[in-house]
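K.L.:
Turn this into a structure:
(one chain, ligands or ions: 2)
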Amino acid sequence: METRREPGILWGALVGLCITPPLMALLFIGQVLAGLPFLPFDMFDWVGRNLPGPLVTFGIDTIVNTLISFGFGGTLDSAAKTSERTLAILMFLGIGIVASGLFFVLMNRIRRPQRDYIPGIVAGVITALPLMAMGFAVSLNTMTPIVRFAWLVLAFVGWGVALSWAYNSLNGADEKVKADAPAAATVAPLDRRRFLISLGGSAAAITVVGAGLAEFLKTSSTAQEAPLPRTPDTPGTAVAALKDGQGNALPNASDPLVAAPGTRLEYTPLADHYRIDILSSSLPEFDEATFKLNISGSVANEVSWTMDEIRAMPSRSDFITMSCISNRVGGSLISTTKWTGVSFQKILDILKPGASARALRITGADSFDEYVDLDLIRQDERIMLIYAFDDKPLPQRNGFPLRIHIPNHYGMKQPKWISKIEVVDELGDGYWVRRGWSREAIVRATSVIDTVAVNAIYEKDGKKFVPIGGMAWAGTRGIKEVQVKIDGSEWVTADLRTRMSDRAWNIWRYDWPYTAGIHTMMVRCIETDGTPQIEDVEDVRPDGATGLHMVQETV
Ligand SMILES: Nc1nc2c(c(=O)[nH]1)N[C@H]1C(S)=C(S)[C@@H](COP(=O)(O)O)O[C@H]1N2
Ligand SMILES: [Mo]
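P.N.:
Residues are numbered from 1 along each chain as shown. Ligands and ions are numbered 1, 2, ... in the order given. Below you'll find the model as predicted:
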């Protein structure tokens, strides 16, 4: 008698490939409609935080390099988020495929004869438990844990039922129950293939319709938010007015030097401010009405302040350029806006740290953390607890309700979404320092060519000029001079706009009496104290990128 072949691990994997996307679609719908957790992203966040640091950094480097090689450099921050999310979804899918493959192997061993969904349900729950543990450890979801738990278990039980059903069908268990005849127990491979094709087809349809519906509901519910103004990105676009988001003139508006057309906006529109953080899932939510900032530890006076109390304290506003340490030379992870907050010197005056106190340990709601040396605060009154960007409460993505500003340091030292501050006796290593990045993270001087404005060529005294322009920045150290070099020429000095503050970048411009052809242009800057920009090329890790920005342009 011919023995029937059971569906093996490969069939199981294929079934996993079919039934896991609808599960993700279901979880996505739950997130959009009811604010329930989207497990794939939470799980991925957990993996990112708990894998050994160097591995994570290596992963991020790989992603960033891949993106750059695909030409995503310009919108690196949003592209990096998209790729993180894609990875998260692929990882979740992979887990579904492996679990389903193993299920088939086990079922073939057990040889349960009847039509039965129990094994699938058990498999669903067993798969869900570790994933839920990871997700719950990092999730910022504010819903009652029991509701989240029930929802995820239910979703995975559904997945498990589908799994059992698919196994039973492929195994021909239906027929076996009906007629215990040897002939009926043999399922032709063709039937299996046909079953899988229809399973795959309906799964794809469910996924597309489900996810599409959720995406639609999501966009229609956020559509009321007024679109923020965006930076014109076409070279040659008229240089926008020198105003902040409220329409107030910038502090250096009277500087007669007009930026070359196509230069980045001197004041970054809020919607374009770069964003970098360790989150791939939802943003931390704070209820401003009930929020309190607790500062505790080695102090004479512990405090617990509401946002209104913080806003009532003496404040200061500054035009501030901030950069991510992973910004490459010429990259987009750098922006400038107006920051408002309270000097930490004022806060220390109230707290009165004890004799042993050494540092602040600041924790974000996403559990990102960093330390700030109390001596640094005592030396620099510009270190601030920030509650507003561009005269408005911090956008959620940029750290609502509170973040810190530390002049001259990269973003990695400056937590957003501050949920807790402790005054501690030791200066520890923060989130990225523990993962191999610079402990000091002092910004390195940078200069960038934004535009060679071939649309704005003009003639003067019988010569033709092409405006070239961009930005230079060295944190609080300031820029004394920007120089441009075209092909093999000498370095020539560009004109500088005065900067908006002691912490903002300088916009520069050089009008080059050009000769037609393809040209290579380079830029470098010199800090106020004469220190030249570092020309040796270094990658972003561990101390931030160095090297000169170069463009090639046909004029
Ligand atoms: N809570 C929290 N704060 C954080 C981070 C983070 O991941 N979590 N990332 C830091 C890094 S690496 C940078 S470059 C800046 C970016 O701030 P932005 O997103 O407002 O531009 O936030 C810093 N603060
Ligand atoms: Mo960063």
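K.L.:
burial count for whichever residue of the chain sits closest to ligand 2?
P.N.:
Of all residues in the chain, Cys324 sits closest to ligand 2, at 3.2 Å by CB to the ion. (Each C-beta comes from the backbone N, C-alpha and C, glycine too.) Under the neighbour criterion other CB atoms under 10 Å, Cys324 is assigned a count of 22.
K.L.:
That one: what's its closest spatial neighbour, skipping adjacent residues?
P.N.:
Once its chain neighbours are removed from consideration, Cys324 has its nearest residue in Leu333; the separation is 3.8 Å (CB to CB, 6 or more residues apart in numbering).
K.L.:
count of neighbours near the one you found?
P.N.:
When neighbours are defined as other CB under 10 Å, Leu333 has 21 of them.
K.L.:
quick one on the thing from earlier: which residues sit in contact with the residue of the chain closest to ligand 2?
P.N.:
Counting by CB atoms under 8 Å, 6 or more residues apart in numbering, Cys324 touches 77, 274, 276, 333-334, 410-412.
K.L.:
out of those residues, which is most surrounded?
P.N.:
Ranked by the number of neighbours (other CB under 10 Å), those place Tyr410 first, at 27 neighbours.
K.L.:
Just to check, that residue is in contact with Thr446?
P.N.:
No: distance between Tyr410 and Thr446: 11.3 Å, which falls outside the contact criterion (CB atoms under 8 Å).
K.L.:
so what sits against both of these two?
P.N.:
Residues touching both Tyr410 and Thr446 by CB under 8 Å, 6+ apart: Ser323.
K.L.:
For the stretch 301-450 of the chain, which residues are neighbours of ligand 2?
P.N.:
Within the stretch 301-450 of the chain, the positions lying close to ligand 2 (CB under 5 Å from the ion) are 324, 411-412.
K.L.:
quick one: least confident helix or strand in the chain?
P.N.:
Sorting the helices and strands of the chain by mean pLDDT, DSSP states H and E puts helix 182-185 at the bottom, at a mean of 46.
K.L.:
helix or strand right after that one?
P.N.:
helix 189-222 (DSSP states H and E).
K.L.:
how about the residue nearest to Leu36 when sequence neighbours are not counted, secondary structure?
P.N.:
The spatial neighbour of Leu36 that comes closest, neighbours along the chain excluded (CB to CB, 6+ apart), is Gly30 at 3.8 Å. Under DSSP: H, G, I helix; E, B strand; the rest coil, the three-state class of Gly30 is helix.
K.L.:
Let me know whether Gly30 touches Trp151 as I believe.
P.N.:
Yes: taking contact to mean CB under 8 Å, the distance of 6.1 Å between Gly30 and Trp151 places them in contact.
K.L.:
Poorly predicted segments of the stretch 201-350 of the chain, please.
P.N.:
By pLDDT under 70, the low-scoring segments of the stretch 201-350 of the chain are 219-241.
K.L.:
in it, which spans are strands?
P.N.:
Taking DSSP state E, counting those that start in this stretch to define them, one finds strands in the stretch 201-350 of the chain at 293-297, 303-305, 316-323, 334-343.
K.L.:
what about Gly354, distance to Val423?
P.N.:
Gly354 is 8 Å from Val423, where distance means CB to CB, to the nearest Å.
K.L.:
which neighbours do these two share?
P.N.:
With CB under 8 Å, 6+ apart as the test, Gly354 and Val423 both reach 298-299.
K.L.:
The two - which one has more neighbours?
P.N.:
Of the pair Gly354 and Val423, Val423 is the one with more neighbours under other CB under 10 Å, namely 22 against 13.
K.L.:
What helix or strand is the more buried one located in?
P.N.:
Secondary-structure element containing Val423, defined by DSSP H and E: strand 418-424.
K.L.:
Can you list the helices and strands that that strand packs against?
P.N.:
Using 3 or more CB pairs under 8 Å, 6 or more residues apart in numbering; DSSP states H and E as the contact test, the elements touching strand 418-424 are strand 293-297, strand 359-364.
K.L.:
Given the next helix or strand after it, what are its sheet partners and their directions?
P.N.:
If you walk from strand 418-424 toward the C-terminus, the next helix or strand you reach (DSSP H and E) is strand 446-452. Based on DSSP bridges, the pairing partners of strand 446-452 within the sheet are strand 463-473 (antiparallel).
K.L.:
So what's the gap between the strand it pairs with and the chain middle?
P.N.:
Its chain's average C-alpha position is 32 Å from that of strand 463-473, according to CA atoms, centre = their mean, to the nearest Å.
K.L.:
Extract the C-alpha trace of it and format it as CSV.
P.N.:
As requested, C-alpha coordinates have been extracted for strand 463-473 and formatted as CSV (Å, rounded to 0.1, in the frame of the first residue of the first chain):
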residue,chain,number,x,y,z
LYS,A,463,32.3,88.7,-16.7
LYS,A,464,29.8,85.9,-16.0
PHE,A,465,29.3,84.8,-12.5
VAL,A,466,27.6,81.7,-10.9
PRO,A,467,26.5,82.0,-7.3
ILE,A,468,27.7,79.1,-5.0
GLY,A,469,26.4,78.9,-1.5
GLY,A,470,25.9,76.8,1.6
MET,A,471,26.4,76.6,5.3
ALA,A,472,29.2,76.2,7.8
TRP,A,473,29.0,75.4,11.5
